[in-house]
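S.K.: Sequence and predicted structure are below.
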Amino acid sequence: MKLYVTKYRGAGLALVTKDKKGIQRVLLGRRLIGPGKHTWSFPGGKRHAGETAASNALREANEELELWNGAPAWPGVAAIQEICSCPFYDWTTYCWKVENPSLRMPQQGRDLEFEAWGWFELNHLPYPLHYGVGPVIRRLRHRQD
């Protein structure tokens, strides 16, 4: 008997902004379901057949932040930048710099994947963080501009 193992394929989107004091913040949501139930993570999820990682990240973020009041127009693929890939499974996190520091908080979406959202300073994050968020945060801290 042959055992076939497929890699989990997905992508996420780290939304980053600066507040009125110039402090860089990242948007994290507290997950209601697994994987990573009760951890804080970026919007993201599993890739659909034929979908690129970048379009996957944008679709998932749009779905999970669907009822976000005051959301700017979603970026095109060219507006996001790959920031971190995972060697253990096929996951890529992209970064989108949101220029509007006065964005209001997302509201709960219909799928109930997340119970809360917050803009957090890179040096004052909630815990526990979802697996994979830490390496992205380290890269964001290193690249602050």
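M.R.: Done, it's in. Residues are numbered from 1 along each chain as shown.
S.K.: The closest residue in space to Ala11 that isn't next to it in sequence: neighbour count?
M.R.: Setting aside the residues directly before and after it, Ala11 is nearest to Ala57 in space (C-beta to C-beta, 6 or more residues apart in numbering), at 3.8 Å. (Each C-beta comes from the backbone N, C-alpha and C, glycine too.) For Ala57, the neighbour count with other C-beta atoms under 10 Å is 30.
S.K.: repeat for Glu121
M.R.: Counted with other C-beta under 10 Å, Glu121 comes out at 11.
S.K.: got it, and Trp74?
M.R.: Per other C-beta under 10 Å, the neighbour tally for Trp74 reads 14.
S.K.: That one: what's it in contact with?
M.R.: Neighbour list for Trp74: Leu58, Ala61, Asn62 [criterion: C-beta atoms under 8 Å, 6 or more residues apart in numbering].
S.K.: Ala61 contacts Gly10, correct?
M.R.: No. Taking contacts as C-beta atoms under 8 Å, Ala61 lies outside contact range of Gly10: 12.0 Å.
S.K.: picking up where we left off before, and what about the residue nearest to Ala11, helix, strand or coil?
M.R.: helix (DSSP: H, G, I helix; E, B strand; the rest coil).
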